[in-house]
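# Give me the fold of what follows.
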Amino acid sequence: MIKSRNVILGIDPGTLFMGYALMDATTSTPRLVMMDALKLSSKTDAYERLQRIHLTVVDLIATYQPNTFAIEAPFFGKNVQSMLKLGRAQGVAIAAAMQAGLTVTEYSPKKVKQSITGNGNADKDQVWKMLQRIMSLEEKPQYFDATDALAVALCHHYQSNSVIGKLGKGLKGWEDFISKNPGRVIK
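Here you go, the predicted structure:
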């Protein structure tokens with residue numbers, strides 16, 4: 001049986017830097033396809049920046065044809081204006097993915113860090129070091145926004161493939177899982 005292709009587009013939204021990464025999770029060992037960050041000038045009109053974010057996501061989808069789209073949710077801060085701007089950036093990226101027919105999944109920053117490092121309060125450098133180990137990466141990208149996007153994609157891969165992550169999707173508990181997956185039970 002040939003396994004279908006599974007490419008995940010991960011996005012770390014931002015109004016000045018938007019990180020993006022594509023990861024091939026077709027095999028048991030996820031592989032980085034590419035990662036980078038879109039750098040936007042603070043001197044550019046806010047609506048022009050949103051348009052660039054949208055066009056970049058549309059272009060990434062057209063070029064790499066991912067199967068799924070994962071994005072980091074904005075964290076709740078004290079600056080309402082920053083939250084509003086970040087929410088808009090996230091919204092245009094999500095709109096581009098939905099327009100392409102991709103399934104959109106959102107993860108909190110804490111969930112992403114927890115999935116990658118085991119610590120929901122890890123800093124960006126700790127996340128990068130774990131990504132290096134897990135995916136055998138060497139060269140550090142110019143911006144942590146790119147590595148954050150890769151972390152979002154890997155978090156999505158872990159959540160999509162974990163028994164615990166699937167429990168909430170139509171299963172009522174371990175007994176239900178065992179009854180629906182007898183071949184996975186080792187006696």
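# if I read this right, Y64 contacts R5, doesn't it?
No - the pair Y64 / R5 is not scored as a contact, 10.7 Å apart, by CB atoms under 8 Å. Backbone N, C-alpha and C define where each C-beta goes, glycine included.
# With neighbour numbers in mind, choose between the two.
Counted by other CB atoms under 10 Å, Y64 and R5 do not tie: Y64 has more neighbours, with 14 against 11.
# E139 versus that one, what's the distance?
20 Å (CB to CB, to the nearest Å).
# Then I53?
In this view, I53 and E139 are 25 Å apart by CB to CB.
# who's more crowded, the two?
The neighbour count for I53 versus E139, taken as other CB under 10 Å, is higher for I53 (26 against 5).
# neighbours around the closest residue to F75 other than its chain neighbours, how many?
Using CB to CB, 6 or more residues apart in numbering and skipping the chain neighbours, the partner closest in space to F75 is P109 (5.1 Å). If you count neighbours by other CB under 10 Å, P109 ends up with 19.
# Contact partners for P109?
For P109, the contact set (CB atoms under 8 Å, 6 or more residues apart in numbering) comprises E72, A73, F75.
# Could you dump those residues into a markdown table with distance to G101, pLDDT and neighbour count added?
Output for the contacts of P109, formatted as a markdown table (distance: CB to CB, whole Å; pLDDT from 0 to 100; neighbours: other CB atoms under 10 Å):
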| residue | distance to G101 | pLDDT | neighbour count |
| --- | --- | --- | --- |
| E72 | 21 | 95 | 25 |
| A73 | 22 | 91 | 17 |
| F75 | 28 | 72 | 10 |
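# Is it correct that L40 is in contact with M18?
Yes - L40 is within contact range of M18, at 7.4 Å (criterion: CB under 8 Å).
# okay, and the common contacts of those two?
Joint contacts of L40 and M18 (CB under 8 Å, 6+ apart) are I53.
# Neighbour count: the two, which is higher?
For L40 versus M18, the count of surrounding residues by other CB under 10 Å is larger for M18: 27 against 20.
# List the beta-bridge partners for the more buried one.
M18 forms beta bridges with L38, as assigned by DSSP bridges.
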